[in-house]
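Novice: A structural model of the following input is requested.
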Amino acid sequence: MTVIGLDDTDSRERGMCTTYVAATLAEQVREAGGRVERRLLVRLNPGVEHKTRGNAALAVHTDLDPERALALARDHLDLAETADPRTNPGVVVAPGSPEGVPGAVADFARTAVRDYHDVADAVELAADAGYESAHAGNGRGRIGALAAVGAWRAFDEWTYECISYRERDRWGTDREVDWESIRSAAERAYPDAWDTVDRGEGYPVCVPRTPCPILHGIRGDDPETVRSVADAIEGEPVVRRALFVTNQGTDAHLRSVDGFSAVSDGRAYRTDGEVVDPPETREGGHVFCTVRSGDGERLEVAAFEPTKRFRDRVRSLRVGDRLTVCGEVSDGTLKLEKFAVRDLVTTELENPTCPECGRSMSSAGAGQGFRCRDCGTSADGKVERPVERDLEPGWYEVPPCARRHVAKPLVRGGFDAPTHPER
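Specialist: The predicted structure follows:
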């Protein structure tokens, strides 16, 4: 077996897509007499400064000879948008099975999804493992390429995406897809296929808005389901279609921590806290509040405007609510991807009511309780009254239009409390 890893072939402005490079590379591998066991799409740390548009690294698992595989992959780097100086593609070719990569390479893949690497680290580790590589520019793509090589051993949970590609002369033009066919196919396949549409915002999440070669990408837990949804979508011609095994929708990027002292920018976390400042809507429609850990540390969390209706969930929080929060930290603020309500404040203190006239009593002075000014009746202190809440215990998430590729949708299940999925 041979594993071909590649990364950083696309440009945010000029287009291209590393999945397209991998799909066409797999076709050439077959033409050269090789068998393709799978195409792997690995979303890396979404907080990395130099990330590509979706920060995806790709791997092709094949039985083609490593030397021939390297030659094909090196030639395929010509597809990279290297006219953009920020595009620095890289390829790593590893002889042997994807399950048999060294532990250090698997560790490298895990860290690439949750942390940072330097190019020099990737080059040294690839050389130590006996891997060949190729690159253009500064070769930063060798980081993702090596991570893609190690990912199959590094992770246990995988999903699928069926990606359909446009005719080349249509790249960069408006996509022609039939919204009704997407909506109908999405309804039939849900929940096995997820994040195909955003019902609340009323548009197809599966159709990109960038000048890349992709017409649409269907994600889900079952390969046949995502293929069937792709087949059912009507629109412009599809020139090729490829199925990828992915870490999308798995929360592979989250690391669990107790307390906030270990939290740092550019990484994503799952952690617990209690709301200590009420939610505040700031300029731009962003909603912020502050949570405190068990040892007294404070962390600002936020639902930014692109999360749309999710912000109303955050606005519904009250001081004293206990939460589990998940998201990437940037500039010291955790950008919420989802949160779980563990314990809700269901009562609040208010001035007692006069049993004679039904009016609210007033304070009689420090330590003197409350008194009705009209009737003269008194009470020892404030009383509890029930509070009606718009939230229930359980998990809440951003809508599909705001979901990060690697973030796990609630509809996939496996969570430790009731879920309230967005569709």
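Novice: distance check, the nearest residue to F304 once chain neighbours are set aside against T210.
Specialist: If the residues on either side of it in the chain are set aside, F304 comes closest to H286, at 4.9 Å by Cβ to Cβ, 6 or more residues apart in numbering. The way it works is simple: take the backbone N, C-alpha and C, and place the C-beta from them, glycine included. Computed as Cβ to Cβ, to the nearest Å, the H286 to T210 distance reads 24 Å.
Novice: I figured the residue nearest to F304 hits V301, correct?
Specialist: No. H286 lies out of contact with V301 (Cβ atoms under 8 Å); the separation is 11.2 Å.
Novice: tell me where the stretch 1-150 of the chain has strands.
Specialist: 2-7, 36-43, 56-62, 90-95, 132-135 (DSSP state E, counting those that start in this stretch).
Novice: closest one to H253 among these?
Specialist: Closest approach to H253 among the strands of the stretch 1-150 of the chain is made by strand 36-43 (7.5 Å; Cβ to Cβ).
Novice: could you name the helices and strands sitting against that closest one?
Specialist: Strand 36-43 sits against helix 18-31, strand 56-62, helix 103-114, helix 141-154, strand 240-246, with contacts defined as 3 or more Cβ pairs under 8 Å, 6 or more residues apart in numbering; DSSP states H and E.
Novice: quick one, the first one and helix 141-154 angle?
Specialist: With axes from the mean of the first three to the mean of the last three Cα atoms, to 10 degrees defining the directions, helix 18-31 sits at 70 degrees from helix 141-154.
Novice: need the helices and strands packed on strand 36-43 in a markdown table (columns: distance to L323).
Specialist: A markdown table is the format used below for the helices and strands packed on strand 36-43 (distance: least, Cβ to Cβ, whole Å):
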| stretch | distance to L323 |
| --- | --- |
| helix 18-31 | 35 |
| strand 56-62 | 30 |
| helix 103-114 | 22 |
| helix 141-154 | 29 |
| strand 240-246 | 29 |
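Novice: just put these in CSV and tack on mean neighbour count and distance to A402.
Specialist: As requested, those are exported to CSV (neighbours: other Cβ atoms under 10 Å; distance: least, Cβ to Cβ, whole Å):
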stretch, mean neighbour count, distance to A402
helix 18-31, 20, 21
strand 56-62, 27, 18
helix 103-114, 20, 20
helix 141-154, 29, 24
strand 240-246, 20, 19
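Novice: in CSV: these, plus distance to T281 and mean pLDDT.
Specialist: Shown next, in CSV, are the helices and strands packed on strand 36-43 (distance: least, Cβ to Cβ, whole Å; pLDDT from 0 to 100):
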stretch, distance to T281, mean pLDDT
helix 18-31, 38, 94
strand 56-62, 34, 96
helix 103-114, 31, 97
helix 141-154, 37, 97
strand 240-246, 35, 98
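Novice: can you tell which of these is closest to E297?
Specialist: Closest among the helices and strands packed on strand 36-43, using Cβ to Cβ: helix 103-114, at 20.9 Å.
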